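Novice: Quick one: sequence plus predicted model below, questions after.
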Amino acid sequence: MNASAASSPYAVELRDVRKSFGKTEIIRGCSLAVRPGERVAVIGPNGAGKSTLFNLISGRFGLTSGDILVNGRKIDGLKPYQINRLGLARSFQVSNLFNRLSVFENLRCAVLWSLGYKYSFWRFLADARDANDRAEQVMEMIKLDRRRDVLAMNLTYAEQRALEIGITIAGGAQVVLLDEPTAGMSRSETARFVNLIREVTEGRTLLTVEHDMGVVFGLADRIAVLVYGEVIAFDTPEAVRADERVKEAYLGSVLADQAVAGAGH
Amino acid sequence: MSYHKGAVYHFKPLNVGRWVIWGGYALLMLVAPLVWASSLSHTMLSQIGIAIIACLAYNMLLGQGGMLSFGHAVYSGLGSFFAIHTLNLVGNGTLALPVSLIPLVAGMFGLLFAALLGYVTTKKAGTPFAMITLGVGELVWAMSLMFPGFFGGEGGISGDRVTGPRPLGISFGPQIQLYYLIAVYTFLCTAAMFAFTRTPLGRMLNAVRDNPERVEFIGYNTQFVRYFAFMTSGFFMGIAGGLAALNFEIVTSEVVSAVRSGAYLLFTFLGGAVFFFGPIIGAVLMVLALVLLSELTQAWLLYLGLVFTFMVMYAPGGIASLIMMNLRVASFGKLRPLLGSYLALAGTGFTILAGAGAMIEMVYHLQLNQALGPELTFMGARLNAKGFDSWFGASFVLLVGIVLFEITRREFVRQWGTTQEEIEKEIKRREAIA
């Protein structure tokens, strides 16, 4: 493990990351360095490899070549739970909850490891004051305290999305990856949700995949534009908006689409 | 927790209820042998206690961990064998150990083998897990035939539980004394397994059942969660096996067989894997079926299979979930109107059973009891297994039963649906007030 403790001033650093499925190379040499406390949005056309990139950073898939460092540690070959213990948590595009457990139990499960409860069976959850308090606290943050004892599978779509974020941030990970947190939400819900995300990721490093340009420009400090497995731009929103290559490859068409859609409403 | 809003409301009434339930459970086990005082009852009650431990331990995997094991008799069975060998060592003076502690020894061996074999088994989840347990089960079963020295071959290994010191004159010779030993173990094991569900590991086991993938992303190694749960279950399976060895004083290789594993699965499911207490109901049914039903009819396995199929299709939550659903209806004061339907369902169901049962019994009679002639008695009626009248009558009863049952069932489904809607409305109304 000592060798992997290479120094990196970044919260997340990707060095020439490549990933192939069979003969198809999905991620074709990505380099990206995210500073601690920064909010980064990853945008790009469908099939650009945004979700794959998140799956690589969170350990769901293994790398083909290159290095990923989380809080200065190489994560090559580590399992998702080991990466999580390094201080990285992620949410999923399709809600990935504990369906037959209540909202409160979902959140309590999410805080247990970070509070050191591990695999213990010699103490009661009811006595785990810190875990219970933390779960209650997160439940209030994501505004689900009135739904405390409802099973996750019986929540509304928006509530499930909120719980998805809640589980992700509950463990107190310093680096948070959100995969399309506002997917499938109405405009008003999205606006409310962006505020929620900003609130719960306060002081943490955030990477998010997002399609809604309003959300992207409102939330991100920097934007990474991913096109066909390559980062073609990584800069402040203003700079990215002005970038000719980005306009050409992606942004121009999307902004035009959303302007039309916006006018249509 | 009392400083927290809502905490008082949540926990206080539950705790009173818990005392009542656990007190009642202990009391029931205490007085059961006095109410059912025959020696057959005492044997059956002892077996029920053992089955309760085994089914609850099995359900740690099935209901709480989502692990379908086809070879869990391995751990109770090996527990039984080590228990009987330990008993014999105590008997010939090699080992000084009170007989009452032998089930614990068996538990330790259950744990040991779960630790050894479970390490392989729990590497996978889902279908591969089920397949590996099946393989391990077959492996141990084959071993039991290969090593007659340890497993006793065809005749098994027998022992004598009346040995060693006798504190307060308790020798465990009379069945009633052994029953109370089993009852103490049953109560303690039930309590321990219930407590397990309230611990961090127990809760993470539920999380692994619901969504193993997500568990990996909140810091837990799902394989370890499964493995630790498997070992805990193995420990309690071992205890059950040890008690069985003391109870029967003979252990044959049948105790590690796939048939036994299948029985644990079947009755745990019938009782209800979704709720903690479901397997207790399943255990009672298991002993009733194995001891009483098998006396009553030769076709008992066939009836059991029919009931199992019926439950899988119509009540996958088992008897426990049926009870809980009706308790919910009752708590809203809406059970009374349903009682008529239940009576109708029971009546028409019984008609089907009478018709089908008559035909099944006639077939069995023709196949197995040829020497006794074609006549037999079923539910008080004289039947002729070779007579047209009997067959016609039985099929008529069966057909009428099926038609009436289907009519009542449809009516009931409609009625149940309306009741549930009313309850939902009532809940919404109460929420609005609160």
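Specialist: Sure, I can see it. In this text, all values refer to a predicted model and were calculated from it rather than measured experimentally.

Novice: quick one, phi psi at whichever residue of the stretch 51-200 of chain A sits closest to chain B?
Specialist: Distance from chain B to each residue of the stretch 51-200 of chain A (Cβ to the nearest Cβ) is smallest for residue A:113, at 3.1 Å. Backbone N, C-alpha and C define where each C-beta goes, glycine included. Main-chain torsions, residue A:113, degrees, to the nearest 10: phi -60, psi -40.

Novice: In contact with the nearest residue to it once chain neighbours are set aside, which residues?
Specialist: Leaving out its chain neighbours, the residue that sits closest to residue A:113 by Cβ to Cβ, 6 or more residues apart in numbering or on different chains is residue B:219, at 3.1 Å. The contact partners of residue B:219, by Cβ atoms under 8 Å, 6 or more residues apart in numbering or on different chains, come to A:81, A:84, A:85, A:112, A:113, A:114, A:171.

Novice: I'd assumed the second one was in a strand, is it?
Specialist: Right, residue A:84. No - counting by DSSP: H, G, I helix; E, B strand; the rest coil, residue A:84 falls outside a strand, being helix.

Novice: Could you double-check that it sits in contact with residue B:217?
Specialist: Yes - contact criterion Cβ atoms under 8 Å: residue A:84 and residue B:217 qualify, at 5.8 Å.

Novice: Tell me if I'm right that residue A:134 and residue A:115 touch.
Specialist: Yes - using Cβ under 8 Å, residue A:134 is in contact with residue A:115, at 7.0 Å.

Novice: Now list whatever residues contact both of these two.
Specialist: In contact with both residue A:134 and residue A:115: no residue, using Cβ under 8 Å, 6+ apart.

Novice: Of those two, which one has the most company?
Specialist: Between residue A:134 and residue A:115, counted using other Cβ atoms under 10 Å in any protein chain shown, the more crowded position is residue A:134 (21 against 15).

Novice: Buried by neighbour count: which residues of the helix or strand encompassing that one qualify?
Specialist: Here residue A:134, judged by DSSP states H and E, is contained in helix A:129-141. If you call a residue buried by 16 or more other Cβ atoms under 10 Å in any protein chain shown, then helix A:129-141 has these buried ones: A:131, A:132, A:134, A:135, A:136, A:138, A:139, A:141.

Novice: Quick check: buried residues in the helix or strand that comes right after it?
Specialist: Using DSSP H and E, the helix or strand that follows helix A:129-141 towards the C-terminus is helix A:157-170. Neighbour-count burial for helix A:157-170 flags A:158-170 (criterion: 16+ other Cβ under 10 Å).

Novice: got JSON lines for those residues, with pLDDT and distance to chain B too?
Specialist: Shown next, in JSON lines, are the buried residues of helix A:157-170 (pLDDT from 0 to 100; distance: Cβ to the nearest Cβ, whole Å):
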{"residue": "A:158", "pLDDT": "92", "distance to chain B": "18"}
{"residue": "A:159", "pLDDT": "94", "distance to chain B": "15"}
{"residue": "A:160", "pLDDT": "96", "distance to chain B": "13"}
{"residue": "A:161", "pLDDT": "94", "distance to chain B": "14"}
{"residue": "A:162", "pLDDT": "94", "distance to chain B": "16"}
{"residue": "A:163", "pLDDT": "96", "distance to chain B": "11"}
{"residue": "A:164", "pLDDT": "96", "distance to chain B": "9"}
{"residue": "A:165", "pLDDT": "95", "distance to chain B": "13"}
{"residue": "A:166", "pLDDT": "95", "distance to chain B": "11"}
{"residue": "A:167", "pLDDT": "97", "distance to chain B": "7"}
{"residue": "A:168", "pLDDT": "96", "distance to chain B": "8"}
{"residue": "A:169", "pLDDT": "95", "distance to chain B": "11"}
{"residue": "A:170", "pLDDT": "96", "distance to chain B": "8"}
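
Novice: between those residues, which is nearest residue A:205?
Specialist: Of all those, residue A:205 sits closest to residue A:169, with 11.9 Å by Cβ to Cβ.
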